[in-house]
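Trainee: Predicted structure and sequence below. I'll ask about it afterward.
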There are 2 protein chains.
Amino acid sequence: MAVLPAREDKESSRNLFLRAAGELMTERGSLEVSLSDIAQKAQLNSALVKYYFGSKDGLLLALTEHVLSTGIAQLQGLLEMDISVLEKLKIHINGITATYLRYPFVNRLIHLMMAKPETGAYVAKHVSRPLAEAHRRLLEEGVAAGVLVPINPMMFHLIVVGACDQLFFGQHVLKHAFDVDRIDEDLRREYTRTLLDLILNGLLVHKS
Amino acid sequence: MAVLPAREDKESSRNLFLRAAGELMTERGSLEVSLSDIAQKAQLNSALVKYYFGSKDGLLLALTEHVLSTGIAQLQGLLEMDISVLEKLKIHINGITATYLRYPFVNRLIHLMMAKPETGAYVAKHVSRPLAEAHRRLLEEGVAAGVLVPINPMMFHLIVVGACDQLFFGQHVLKHAFDVDRIDEDLRREYTRTLLDLILNGLLVHKS
C-alpha cells in the first residue's frame, strides 16, 4: 500500500500522473489508457488517482488544463501585443502546431471532455470559447486594418484547428499512405508554413 | 439460437449490421460500440457477426469500405471528366463534406483501422492512397493549367481532410462553444463554401 505523500511531494506526484497519462496516449495514439497503466508508468499506486483527481475524468480534465492553460494565457497576451495582425496569426498558428507536436492527443481529448455533460461546459468555458474568441478578435482586427477579408469566425476556427490537428492525428495515415515514419519539428514547421501560406494567399494564381 | 439466414437474406442482414454500427457511432459520437449493442440495434443475433465479418475488426473494415468505396470510385471518374480543375476541386470537397455529414465518424474510423497492423495496409491501399493520389493529380492539373500555385500534395491532403472533418467531429464543441445545436445540410453547404473560398482565395486582401 502506498502512503499519502508528504506535502512537498504532492505537486510532483500529481504531475507524474499527468505526464504518464500524456505519454501513454502519445505512444498508443489513443485516449484509451487505464488508470492502472497510468499508475504503472508513473510508478505510483493507482489509488492515489482518487486522492489527486477524484476520478479518471478528473485526471483527464486536469491533463487538458495542464496541456492548454499556459498556451491560452499566452494567447490573451499575444492579442494585446503591438505587432501586426499577420504576425499575431503566424505566431498563434505556430503555437497550435507546436502544442499538437508535443501533445498529439489534445484535440481528441478536448472532444472527449466536451462529449461528457460533467466536463463539457467547463472545457468549453476554459478552452474552446477563449480559443474561438481569440480567433474572432484576430479576424476582426485584420478586417478593420484592411488586411484581411471577412470570414465566418466559427468556421475559420474549425478549419484551422482541424487542419492543424490532422498532421498529428494522421500519424498512421502518414506512415501507410505517404511513407513518412516520423512527425518531427522540421515537418511541423514546413506544415505550418504551408498552411499559413494557403490560408493567407489561397491556391489561385493571382493574375496582375 | 439464430439459424443461418437463407441465401437471399444474406446481403440484407449484412447491411443491417453495417447500418446499425454506423447509426450507433453517429448517435454516440464515438467508435466505442460493442457487438451486442450493434446486434441489438440490428435486431440480429450477435453470433452472426462472426458468420458475416469474421470479427469486430472485420465488421469495422466492411463499414469503412461500405461508406467510402462508392465515393472513391466516383472520384476516379471525376478526375477524368472534361470540366475545369476548379470545378473538380469544388465537386470533390463538396463530396467529402457530404460523406462526413452522413457518416460523421468516418475519419476516426479510418484512423482506427490505420492504427492496426492487420487492417492498416488494406485501408491505406484502398482509401488513403487513392484519395491522396487524387489530390495530387488535381493539384498537378491545376498547376499545369496555370490556375493553381504549387503546394505540397501530402500537406494539402491533410489540411483538407482535417478541415472538412472538424465540423462533424466538433459536434460537442459547436454546441458548447458556439451554441449550434445541429449540423444540418445548410451548415454543411455554408462551411464547404467558406472552406473553398479560403483555400482558393486566401484571407489576404488583394490590392490591385
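Mentor: That came through fine.
Trainee: which is the next helix or strand following the helix or strand bottoming out on mean pLDDT in chain A?
Mentor: Using mean pLDDT, DSSP states H and E, the weakest-scoring helix or strand in chain A turns out to be helix A:171-178, at a mean of 84. Later in the chain than helix A:171-178, the nearest helix or strand by DSSP states H and E is helix A:185-201.
Trainee: Give me the angle between that following helix and helix B:185-201.
Mentor: Here the directions of helix A:185-201 and helix B:185-201 differ by 100 degrees (axes from the mean of the first three to the mean of the last three Cα atoms, to 10 degrees).
Trainee: what's the longest helix belonging to chain A packed up against?
Mentor: Among the segments of chain A that qualify as a helix by DSSP state H, the longest is helix A:56-80. Contacts defined by 3 or more Cβ pairs under 8 Å, 6 or more residues apart in numbering or on different chains; DSSP states H and E place helix A:56-80 against helix A:10-28, helix A:35-42, helix A:48-53, helix A:85-102, helix A:106-115, helix A:117-123, helix A:129-144. Backbone N, C-alpha and C define where each C-beta goes, glycine included.
Trainee: Adding distance to chain B and mean pLDDT as columns, could you present those helices in CSV?
Mentor: CSV is the format used below for the helices and strands packed on helix A:56-80 (distance: least, Cβ to the nearest Cβ, whole Å; pLDDT from 0 to 100):
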stretch, distance to chain B, mean pLDDT
helix A:10-28, 8, 89
helix A:35-42, 17, 94
helix A:48-53, 21, 91
helix A:85-102, 8, 95
helix A:106-115, 4, 89
helix A:117-123, 5, 87
helix A:129-144, 5, 94
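Trainee: Pick out the residue closest to the middle of chain A.
Mentor: For chain A, the residue nearest the mean C-alpha position is A:Val106 (4.5 Å; Cα atoms, centre = their mean).
Trainee: ok, so what distance separates the residue lying closest to that residue once chain neighbours are set aside from B:Phe156?
Mentor: Among residues not flanking A:Val106 along the chain, A:Val67 sits closest, at 5.2 Å (Cβ to Cβ, 6 or more residues apart in numbering or on different chains). Computed as Cβ to Cβ, to the nearest Å, the A:Val67 to B:Phe156 distance reads 28 Å.
Trainee: Identify the residue nearest A:Gln74 in space, chain neighbours excluded?
Mentor: Spatial nearest neighbour of A:Gln74, excluding adjacent residues (Cβ to Cβ, 6+ apart): A:Gly95 at 7.1 Å.
Trainee: Test my guess that the one you found contacts A:Ala73.
Mentor: No: A:Gly95 is not in contact with A:Ala73 according to Cβ atoms under 8 Å; the separation is 11.6 Å.
Trainee: Would you mind listing the residues touching both of these two?
Mentor: Counting by Cβ atoms under 8 Å, 6 or more residues apart in numbering or on different chains, A:Gly95 and A:Ala73 have no shared contacts at all.
Trainee: Comparing the two, which shows the higher neighbour count?
Mentor: In this view A:Gly95 and A:Ala73 are compared by other Cβ atoms under 10 Å in any protein chain shown, and A:Gly95 has more residues nearby, 17 against 11.
Trainee: Contact partners for the more buried one?
Mentor: Contacts for A:Gly95 (Cβ under 8 Å, 6+ apart) come out as A:Gly71, A:Gln74, A:Leu75.
Trainee: who wins for neighbours among those residues?
Mentor: Greatest neighbour count in those, by other Cβ under 10 Å, goes to A:Leu75: 22 neighbours.
Trainee: so how many other residues sit close to A:Ile72?
Mentor: Neighbours of A:Ile72 under the rule other Cβ under 10 Å: 15.
Trainee: okay but A:Leu101 is in contact with A:Arg188, surely?
Mentor: Yes: with contacts counted by Cβ under 8 Å, A:Leu101 reaches A:Arg188, the gap being 4.8 Å.
Trainee: Name the nearest residue to A:Pro150, ignoring sequence neighbours.
Mentor: A:Val143 (5.4 Å).
Trainee: measure the nearest residue to A:Ile96 once chain neighbours are set aside to A:Gly95 for me?
Mentor: Closest residue to A:Ile96 apart from its sequence neighbours, by Cβ to Cβ, 6+ apart: A:Cys164 at 4.7 Å. As judged by Cβ to Cβ, A:Cys164 and A:Gly95 stand 10 Å apart.
Trainee: anything in contact with each of these two?
Mentor: By Cβ under 8 Å, 6+ apart, A:Cys164 and A:Gly95 have no common neighbours.
Trainee: so what's A:Ile110 up against?
Mentor: A:Ile110 sits next to A:Thr64, A:Leu68, A:Val123, A:Val127, A:Ser128, B:Val173 when contact means Cβ under 8 Å, 6+ apart.
Trainee: quick one: which of the residues you listed is nearest to B:Arg137?
Mentor: Nearest to B:Arg137 among the contacts of A:Ile110 is B:Val173, at 33.3 Å by Cβ to Cβ.
Trainee: domains for chain A, by residue range?
Mentor: The record's domain parsing of chain A by automatic domain parsing lists A:1-54, A:68-201.
Trainee: Of these, which is nearest B:His206?
Mentor: Of all the domains of chain A, it is domain A:68-201 that lies closest to B:His206, at 8.6 Å by Cβ to Cβ.
Trainee: From the opening residue of the closest one to its closing one, how far?
Mentor: Terminal residues of domain A:68-201 lie 29 Å apart, using Cα to Cα, to the nearest Å.
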